[in-house]
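Novice: What follows is a predicted structure for the sequence shown.
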Amino acid sequence: MAIIGAVKQHAKTSRVFSFGIGNSVNRFLLDGMALTGRGDVEYVTLASEADVAAERFHERILAPVLTDIEVDWGTLPVADVYPKHFPDLFSAKPLMIHGRLSGPAEGTITLRGQTGAEPFEEQIRIEQTDTPPDHIALASLWARAKVRDLMMQDMKALQAGTFPENLKTEITHLGVEFRIMTQFTSFVAVEEMTVTAGGEPTKVLVPVEMPDGVSYEGVFGDGRGGPRAKGKRSMLSFGLGIPRASSVGGGGIGGGSSTQNPFQGRSGGESREFSLEALEARLPTGTDKLAEVLRGLAEKVAEEGKDGNLTFGKLRVIDYDVDVMIYLRTTSVETMKALKELGFVQTGESKAIRLVIGTIDVRKLKALTEIDAVIRVTPVAGG
């Protein structure tokens, strides 16, 4: 947001063009830079031909079709036109301008601009039809354009968390009225579930997958003092069904509370590619699949518990049952049947990753780790 704000400050004297490579680039940033910088943006996915896209992008920005665009709406009752400041028009990519009609759509629009050779002007006649078509999507497109404009008004404050309340309220109302996702009406980061742990409702933050085309090593480093700050742990992430990081509080795939990357390469500076077989070989096996607090729990309950009941910290065992989160390679019928045969009672599941939540007898934890599809078992609470 701070970068977009800086681009906006110089938009009158400069054009900014952005280029994104990969399946999970920051489109909010690149789109925002191009929009506020009155330029253009191009994306190249991992499956695209980069050379072709780069050549197309170069030709497009080298000779824009129309610059310094102005629209005179004439007598048309048009209000709330977005964007407020029109970017240049480039070949093979339309410029979308959204406005809101408050009366009959009849009149003449005058389009003005500058070509490479001379000034340009064209008049476009608009006539009202007897039965205007019903374009339901246009309303949400206009609302999105207005939200984008409101967001761009004070990007620095938005970044700092001091966004003006009047703008925040207006954006929220637009999001609710037109059922669109905005900065203040929808948040997509982690999945939340409320489950029962030890007889009490407990909110669980469920990790999400790594973005497509992004590796754990590329984001968090190789576990040897790379980009990730020391002492901090990443959210648990999955790729190809293989866990990639450790979660908070010792409940992560990496094992215990260690921040070490379980898929560390030979050298922090080398470019590494891991095969599925190599990743599988580095996954925890046997009782190592259990979070540390669950290892030896059955023996602890037998020695210190009373009739199968034991509480230490936030972890509660009631009638030998403990609430756990089980990360799986697959949720096939065979896997779920194996869990059920061990007495696992499911109380929740994640829609983002292969994760089930429920209760199981602490005396069956060891047998649980012997199921091949089980990757990791952590407590819902405690540890």
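Specialist: Received, thanks.
Novice: State the distance from the residue lying closest to residue 320 once chain neighbours are set aside to residue 301.
Specialist: Take residue 320 and drop its neighbours on the chain: the residue closest to it by Cβ to Cβ, 6 or more residues apart in numbering is residue 308, 3.8 Å away. For glycine as for every other residue, the C-beta is placed from the backbone atoms N, C-alpha and C. Applying Cβ to Cβ, to the nearest Å, the value for residue 308 to residue 301 is 6 Å.
Novice: so what sits against both of the two?
Specialist: Contact criterion Cβ atoms under 8 Å, 6 or more residues apart in numbering; residues shared by residue 308 and residue 301: 317, 320.
Novice: Which one's more surrounded, these two?
Specialist: residue 301 (20 against 15; other Cβ atoms under 10 Å).
Novice: List the contacts of that one.
Specialist: By Cβ under 8 Å, 6+ apart, the contact set of residue 301 is 308, 310, 317, 320, 362.
Novice: And the residues you listed, which of them are buried?
Specialist: Buried by 16 or more other Cβ atoms under 10 Å: 310, 317, 320, 362, out of these.
Novice: Secondary structure for the residues you listed - can I get that in JSON lines?
Specialist: JSON lines is the format used below for those (DSSP: H, G, I helix; E, B strand; the rest coil):
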{"residue": "310", "secondary structure": "strand"}
{"residue": "317", "secondary structure": "strand"}
{"residue": "320", "secondary structure": "coil"}
{"residue": "362", "secondary structure": "helix"}
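Novice: isn't there a strand covering residue 348?
Specialist: Yes: looking at residue 348 with three-state DSSP, it is inside a strand.
Novice: count of neighbours near it?
Specialist: 17.
Novice: So it sits against residue 356, correct?
Specialist: Yes: contact criterion Cβ atoms under 8 Å: residue 348 and residue 356 qualify, at 7.4 Å.
Novice: Who are the contact partners of residue 29?
Specialist: Contacts of residue 29 (Cβ under 8 Å, 6+ apart): 3-4, 18.
Novice: Now the buried members of those.
Specialist: Applying 16+ other Cβ under 10 Å to the contacts of residue 29 flags 4, 18 as buried.
Novice: tell me which of the contacts of residue 29 is nearest to residue 67?
Specialist: Closest approach to residue 67 among the contacts of residue 29 (Cβ to Cβ): residue 18, at 18.2 Å.
Novice: pLDDT weak spots in the protein?
Specialist: 131-134, 186-211, 214-282, 351-352, 382-383 (pLDDT under 70).
Novice: Domain parsing of it, as residue ranges.
Specialist: Taking automatic domain parsing as the reference, the chain has its domains at 2-62, 67-126, 136-178, 189-383.
Novice: Mind putting the buried ones among the contacts of residue 301 into a markdown table with distance to residue 23?
Specialist: Below are the buried ones among the contacts of residue 301 laid out as a markdown table (distance: Cβ to Cβ, whole Å):
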| residue | distance to residue 23 |
| --- | --- |
| 310 | 47 |
| 317 | 44 |
| 320 | 46 |
| 362 | 42 |
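Novice: on that earlier part again, identify the residues contacting the residue nearest to residue 320.
Specialist: Counting by Cβ under 8 Å, 6+ apart, residue 308 touches 301, 317-320.
Novice: Would you state the helices of this structure in chain order?
Specialist: 2-9, 27-36, 50-62, 136-152, 155-160, 165-178, 216-220, 276-282, 297-304, 333-341, 365-369 (DSSP state H).
Novice: tell me what the fifth one is packed against?
Specialist: With contacts defined as 3 or more Cβ pairs under 8 Å, 6 or more residues apart in numbering; DSSP states H and E, the packing partners of helix 155-160 are helix 2-9.
Novice: okay, the angle between the helix it packs on and helix 27-36?
Specialist: Inter-element angle recorded for helix 2-9 and helix 27-36: 10 degrees (by axes from the mean of the first three to the mean of the last three Cα atoms, to 10 degrees).
Novice: ok, the closest residue to residue 307 other than its chain neighbours - how many residues close by?
Specialist: Leaving aside its chain neighbours, residue 307 sits nearest to residue 319 (7.6 Å; criterion: Cβ to Cβ, 6+ apart). By the criterion of other Cβ under 10 Å, residue 319 has 9 neighbours.
Novice: same check, this time on the one 4 residues further on
Specialist: Burial of residue 323, expressed as a neighbour count using other Cβ under 10 Å, amounts to 27.
Novice: Residue 2 too?
Specialist: 11.
Novice: then stretch 69-78 to CSV, C-alphas only?
Specialist: Provided in CSV are the C-alpha atoms of stretch 69-78 (Å, rounded to 0.1, in the frame of the first residue of the first chain):
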residue,chain,number,x,y,z
ILE,A,69,-8.2,10.6,-22.3
GLU,A,70,-11.2,12.7,-21.4
VAL,A,71,-14.9,11.7,-21.6
ASP,A,72,-17.7,14.3,-21.9
TRP,A,73,-20.9,12.7,-21.0
GLY,A,74,-23.0,15.5,-22.5
THR,A,75,-26.6,15.4,-21.2
LEU,A,76,-26.4,11.8,-20.0
PRO,A,77,-27.3,11.7,-16.3
VAL,A,78,-24.1,10.0,-15.3
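Novice: buried set for it?
Specialist: Residues 69, 71, 73, 76, 78 are the ones in stretch 69-78 that count as buried (16+ other Cβ under 10 Å).
Novice: correct me, but the second one touches residue 85?
Specialist: No: under the criterion of Cβ under 8 Å, residue 71 makes no contact with residue 85, lying 11.5 Å away.
Novice: Take the helices of the chain and lay them out in a markdown table including distance to residue 120.
Specialist: Formatted as a markdown table, the helices of the chain follow (distance: least, Cβ to Cβ, whole Å):
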| stretch | distance to residue 120 |
| --- | --- |
| helix 2-9 | 26 |
| helix 27-36 | 22 |
| helix 50-62 | 18 |
| helix 136-152 | 24 |
| helix 155-160 | 32 |
| helix 165-178 | 34 |
| helix 216-220 | 46 |
| helix 276-282 | 57 |
| helix 297-304 | 76 |
| helix 333-341 | 65 |
| helix 365-369 | 72 |
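Novice: So residue 107 sits against residue 101, correct?
Specialist: No: using Cβ under 8 Å, residue 107 and residue 101 do not qualify as a contacting pair, with a distance of 10.4 Å.
Novice: Fine by me, thanks again.
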